[in-house]
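**Q** let's see this in three dimensions:
(chains A and B)
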Number of protein chains: 2
Amino acid sequence: MGLTVKKSEDLSGWYQQVVLKSELADYSPVAGCMVFRPWSYSIWENLREAFDSKIKDLGHANAYFPLLIPESLLKREGEHFEGFIPEVAWVTKGGDTELDEKLAIRPTSETIMYYMYSKWIKSYRDLPLLINQWNNVVRWDTSSTRLFLRTREFLWQEGHTAHATEGECDVEVRTILDVYAWVARELLALPVIKGKKSEGEKFPGAVYTATIEAMMPDGKAVQAGTSHNLGQNFSKVFDISFLDKDQTKKYAWQTSWGISTRLIGALVMIHGDDRGLIIPPRVAPVQVVIVPIYYKESDRAAVTAEADRVSAEMKKTGLRVKLDDRDDRTPGWKFNEWELKGVPLRVELGPRDLARKQAVLVRRDTGEKLPTPIIGLAQSAESLLEAIHGNLLARAENTLRGLTTEVASYDEFKSVLDSKGGFVVSNWCTHLECERSVKQETGATVRVIPFDSRAEDGSRCFKCGAKATVKAYFARSY
Amino acid sequence: MGLTVKKSEDLSGWYQQVVLKSELADYSPVAGCMVFRPWSYSIWENLREAFDSKIKDLGHANAYFPLLIPESLLKREGEHFEGFIPEVAWVTKGGDTELDEKLAIRPTSETIMYYMYSKWIKSYRDLPLLINQWNNVVRWDTSSTRLFLRTREFLWQEGHTAHATEGECDVEVRTILDVYAWVARELLALPVIKGKKSEGEKFPGAVYTATIEAMMPDGKAVQAGTSHNLGQNFSKVFDISFLDKDQTKKYAWQTSWGISTRLIGALVMIHGDDRGLIIPPRVAPVQVVIVPIYYKESDRAAVTAEADRVSAEMKKTGLRVKLDDRDDRTPGWKFNEWELKGVPLRVELGPRDLARKQAVLVRRDTGEKLPTPIIGLAQSAESLLEAIHGNLLARAENTLRGLTTEVASYDEFKSVLDSKGGFVVSNWCTHLECERSVKQETGATVRVIPFDSRAEDGSRCFKCGAKATVKAYFARSY
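**A** Below you'll find the predicted structure:
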């Protein structure tokens, strides 16, 4: 059952083993498509619930738009279409009948949603329109599958808003990016760099793309969420216009934004260890597992009764608790299994603990064993879970810091990229040709240009020598 | 904005108007596929949350399986494949490349899920496996679209369980059917008849199908949820087998069950009136709308302050409240809009009400205006919402009773069917050929055979004259 690969020796092999053996997910008989087993789906549900409540408080509502998009509709915004066309899965038959027009399985829903928005938005009274949907999308990627991080079908949310003014639109892009950073940091214990994408990396059809980027232990970046300012690019093509208070017709200003199940992949990679997953407490399907311990039948009744009581008490305080009272597994076997599955806190309860009016709490992140009074155990568990979140975040921040290197020259840039990888930070000119040649020569892309980033006075681009205007974070990525 | 069709005169025209004008839903540019606007999606969210929590309490967990199913996999269970093949939407291209094997967009997920179950289930320890998923499915139906009730894509949940014994499997089928009846009755105020489907109407691949059936005001039935006992039909084909405690290999016993967004269509049809929707309080997106009323600017501050206070107080008690403080609409305009949208309870609050320390509560179901003390208003609203639920249910039960007719002969059967429709109840033989000829001659199908239904002693089938064994409910249906 345990892992046979060390994380530090082979991250990729370790990742695959831990995802499969912890029963987070599985491969399916359709190449490139995965199964989200209950253990990962529950993480997604916890994340979804928290995010959903945040955006509803901000006035957004959920809706659902069709899975299938006619080719002619997908084509309307040219840049957008060019960006997605190579990856579209096409429906060409219904039953035995060839369709007149082929239908794309949505790779993203701008076109189908904005077609509807143009019907619904007529007056300033209809704005802002703040809609989100939780759905599946398909991108027929031909590169090799990596569970959660690169699959042809994935789950996500996509928010699509329309506003009366450019200013509101800018605020929305940043507000959502802040919520994304909150999700990453406060739920997943995943520190991220916030900023903008370069011209070469922005969303097809956007004016600009804001992003949060995370760093994995092997020095490759993960794009963890993006929020796009679409300006009036789509509203002009789809005629999303409204009669404003001043009685003139105007085009709406739009945003779109998404986070996906790839966040689960990032969570696994950043926090896990050689014993398996470590799931951050705030999204863990089970936060506390209770393992009753007895070797003599005479101890059984007292121990299980106390375990039941502790479990009920913890549930009452709102903790997600599992009492593992299986008879056909030893305590040691259970410890291993729940460590593999990444439950952040274990409660061991045996006859000796009962006698001492204590239980032993065991932290998944550090392995520490903490004898703790039975009285107030639920509160102690809650505090420990908070401490575990804090520790996981601090560790991940440490990794991020260690994998961020500022360089002054292109030689240094290439050397850092090849030796340790990570974010390589440099004064940069922001020119599209320049980023293209860096990408071609090194495989590294501009991951993020932090907000308010400025190059040092008078500095030159590390690559092309033109005037530098920003400090950009380059990296190879998943 | 209001409806131009009367429900009693043209149910179908009324239905379409009310769905579009209340902004529940819209047609999309893909024939047969609809858009769930926030107003209907929120009803779905409320239903989902309540159902999800019930089945999780019963030990089920959510997961997510791929959208696309290879043709060869869909074909494995012959009867199942025959049942769905005419309605499958096929993906044949990924990007520019023709696929080697075409992929079905799931019409339902038995085959893809059971392929995985066979990998996961090895021992009695792996049972029962209780998995549910919330997802979209596509059935390329060629009959005409009716929003919610008949669309090519719809949203649903599909539960799929595997058990060690036939007995457990039977219990599961009935347990879930009871939860479905609870959803219909207690959330949607929709009375249903519980029972089994006939041989001709059961799910393709099932041993038997249990169902809940509802009756619409025009005398046509709606299948509101089904729970299938699959026996070992799929487990033998997909080799879902396990080593039992007695060390012998056995095949698992399976169930599958689903309810879908068509329930929203039933809710609209059964409860609405000539002014618009009436949404049952327990699933209403907004349960209470507060409309402040002032005609003089001098009243404004006091009225809006009190409206704010009432709104906050109601939210605190857990009610879903909307304060409609728009300045550019008159109170009368707002009353009409929220009546069209079916909010069950309205609070009117004007200067005179303030002076009398009261508000006027207005029931959507009866139109009654109830002056009510401001003190304890949230509790009064809660009680009224319960009363509204009870009244909607009682009305629907009345409709169901009025549209249920017991007949003794085939002539009488046809005459009732053509005059008033509804459930036509009769002693019946249960033979497949018999139900087929009834269907062919009248368009009516066996909707449900109530559990424990028995024909009268010595009675004969109303159609073919063979020995009758049950009383069956026939009807035309949506």
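**Q** and stretch A:329-346, what's buried?
**A** Neighbour counts over stretch A:329-346 (16 or more other CB atoms under 10 Å in any protein chain shown) mark A:331, A:334-346 as buried. The way it works is simple: take the backbone N, C-alpha and C, and place the C-beta from them, glycine included.
**Q** give the rounded mean pLDDT of it.
**A** Here stretch A:329-346 scores 97 as its mean pLDDT.
**Q** ok, the residue nearest to A:Asp52 when sequence neighbours are not counted - how many residues close by?
**A** Excluding the flanking residues, the one nearest A:Asp52 by CB to CB, 6 or more residues apart in numbering or on different chains is A:Asn62, at 7.3 Å. Per other CB atoms under 10 Å in any protein chain shown, the neighbour tally for A:Asn62 reads 20.
**Q** what's the answer for the one 3 residues further on, then?
**A** Other residues lying near A:Phe65 total 26 when counted by other CB under 10 Å.
**Q** could you do A:Val425 as well?
**A** 21.
**Q** double-check that it belongs to a helix.
**A** No: counting by DSSP: H, G, I helix; E, B strand; the rest coil, A:Val425 is not part of a helix but strand.
**Q** tell me what A:Val446 is bridged to.
**A** Beta bridges link A:Val446 to A:Phe474, judged by DSSP bridges.
**Q** isn't it up against A:Lys196?
**A** No: if you go by CB atoms under 8 Å, A:Val446 and A:Lys196 don't touch, sitting 9.4 Å apart.
**Q** interface residues of the stretch 101-250 of chain A facing chain B?
**A** Contact residues, the stretch 101-250 of chain A versus chain B (CB under 8 Å from any CB of the partner chain): A:102-103, A:105, A:112, A:115-116, A:119-120, A:125, A:131, A:135-136, A:138, A:140, A:142, A:153, A:155.
**Q** quick one, which of those are buried?
**A** By neighbour count, with 16+ other CB under 10 Å, these hold A:102-103, A:105, A:112, A:115-116, A:131, A:135-136, A:138, A:140, A:153, A:155 as buried.
**Q** just list what the regular element (helix or strand) spanning A:Ala181 packs against, helices and strands only.
**A** Using DSSP states H and E, A:Ala181 falls within helix A:166-182. Judged by 3 or more CB pairs under 8 Å, 6 or more residues apart in numbering or on different chains; DSSP states H and E, helix A:166-182 is in contact with helix A:38-57, strand A:153-163, strand A:193-196, strand A:208-215, strand A:221-231, strand A:253-260.
**Q** need the contact partners of it.
**A** Under the criterion CB atoms under 8 Å, 6 or more residues apart in numbering or on different chains, residues A:51, A:54-55, A:58, A:128, A:159, A:161, A:163, A:192, A:194, A:210-212, A:224-225, A:227-229, A:231, A:253-255, A:257, A:259 lie in contact with helix A:166-182.
**Q** contacts only, for A:Ser227.
**A** Contacts of A:Ser227 (CB under 8 Å, 6+ apart): A:Val173, A:Arg174, A:Ile176, A:Leu177, A:Tyr180, A:Thr209, A:Ala210, A:Thr211, A:Thr255, A:Ser256, A:Trp257.
**Q** for the buried ones among these, write the corresponding ChimeraX selection.
**A** Typed into ChimeraX, the next command selects the buried ones out of the contacts of A:Ser227 (criterion: 16+ other CB under 10 Å):
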select /A:173,176,177,180,209,210,211,255,256,257
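**Q** pipe the contacts of A:Ser227 into TSV and attach distance to B:Glu412 and pLDDT per row.
**A** Shown next, in TSV, are these (distance: CB to CB, whole Å; pLDDT from 0 to 100):
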residue	distance to B:Glu412	pLDDT
A:Val173	68	98
A:Arg174	70	98
A:Ile176	64	98
A:Leu177	69	98
A:Tyr180	65	98
A:Thr209	69	98
A:Ala210	70	98
A:Thr211	71	98
A:Thr255	63	98
A:Ser256	60	98
A:Trp257	62	98
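**Q** closest one to B:Thr317 out of the contacts of A:Ser227, please.
**A** The nearest member of the contacts of A:Ser227 to B:Thr317, counting by CB to CB, is A:Ile176 at 30.8 Å.
**Q** restricted to helices, list the buried ones among the residues of the stretch 101-250 of chain A next to chain B.
**A** A:Ile112, A:Tyr115, A:Met116 (DSSP state H).
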